[in-house]
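Visitor: What follows is a predicted structure for the sequence shown.
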Amino acid sequence: MVTSDREREFYDSRYAQFLALPDHALRLDRRVIEGNLDNPAHPFYERRGLYRASMRALETEPLAGKAVLDYGCGPADFGIWMATEGASVTLLDLSPAAIEVGLRRAQASDVRVRGVAADASRLQMLGDAEFDLVFACAALHHTLKYPGAVEELARIMKPGARLVLCETWGGNPLLNVARKLHAAAIGEAEEQGEDIIMSRKVLQALDPYFGDLRVETRNLLAMSKRLLRGRFAKAWAREVVRGLELVDGVVLAVMPFLRNWCGEAVITARRK
């Protein structure tokens, strides 16, 4: 069983590498994110479609002036971007190192944010109905295993506030088996939280507090891109992925029932 202390130590060590970077390498805005999404050498490239869909979901309502929580912010790419768009952003992560990285990135990007290092099941430092928007990128599947985390998430959101989740999707049993085999093969740390993958069953935990739940899935055959990780700098690898994405577009248009078998999703909901 992964404890919050073990998870904190794991991510502290993971994010410490960012603290050694100079300020110019930490600066972030829309132009930088778009460049990272287009850069085959950047880790964002593999999930460029998912991240762009997440940004579109976040921008369905103006960000300027909104109280936004970047929930499980990690290195805070999206939280800092939203701050540069005029949002009042709070960064939340279990890892103090992640919060330190986020505060440094904010300073380098000429914006101000608040940083909170805390367990998602104990958010007493955040007020009731404080946030208009909560964004979690590959984070909620971590916190769901902690009792009280969903209740705390609901408590800090205003009635009608939006929840936007960017997650892997677990509707495909074959893909789930492949994920577990891959994790075992590479010795993936238990703290990375892949024991819980988002699915409609998992999302039922949100039902008492959230309505208007929508799931936009993507990447069916294109989930094979994971086999090409580390090779996207090669033109042939990029062409293979583009080809699979085109095939997915045709297959899912003809057989929409296969959407639940896709491997990634942008999930949106509203606080009741």
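Guide: Great, that's in hand. Since the model is a prediction, treat every value here as computed from it, not as a measurement. Numbers count the residues shown, from 1 in each chain.

Visitor: got a list of contacts for the helix or strand harbouring Gln17?
Guide: Using DSSP states H and E, the element containing Gln17 is helix 4-19. For helix 4-19, the external contacting residues (CB atoms under 8 Å, 6 or more residues apart in numbering) are 26, 74-75, 93-98, 100-101, 104, 119, 121, 142, 146, 189, 191-193. Using the backbone N, CA and C atoms, a C-beta is placed for each residue, glycine as well.

Visitor: Mind checking which of those residues land in strands?
Guide: When those are checked against strands using DSSP state E, the ones located there are Asp93.

Visitor: Could you give me the PyMOL syntax to select whichever of the contacts of helix 4-19 are buried?
Guide: Restricted to buried positions by 16 or more other CB atoms under 10 Å, the PyMOL selection for the contacts of helix 4-19 reads:
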select buried, resi 26+74+75+93+94+95+96+97+98+100+101+104+119+121+142+146+191+193
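
Visitor: quick one on the thing from earlier: which of the residues in the helix holding Gln17 are buried?
Guide: Counting neighbours by 16+ other CB under 10 Å, one finds that the buried residues in helix 4-19 are Ser4, Glu7, Arg8, Phe10, Tyr11, Asp12, Arg14, Tyr15, Phe18.

Visitor: now the strands for the stretch 101-250 of the chain?
Guide: Listed in chain order, the strands of the stretch 101-250 of the chain (DSSP state E, counting those that start in this stretch) span 114-117, 131-137, 157-168, 210-218.

Visitor: Spatially nearest residue to Ala233 (excluding sequence neighbours)?
Guide: With CB to CB, 6 or more residues apart in numbering as the criterion, Ala233 has its nearest non-adjacent residue at 4.9 Å, and that residue is Pro40.

Visitor: likewise Ala161?
Guide: Arg271 (4.5 Å).

Visitor: circling back to that earlier point, deepest-packed of the strands of the stretch 101-250 of the chain, please.
Guide: strand 131-137 (a mean of 23; mean count of other CB atoms under 10 Å).

Visitor: for it, the distance to its chain's centre please.
Guide: Centre-to-centre, strand 131-137 and its host chain are 11 Å apart (CA atoms, centre = their mean, to the nearest Å).

Visitor: Show me what it is packed against.
Guide: On a contact count with 3 or more CB pairs under 8 Å, 6 or more residues apart in numbering; DSSP states H and E, strand 131-137 meets helix 48-58, strand 67-71, helix 77-84, strand 157-168.
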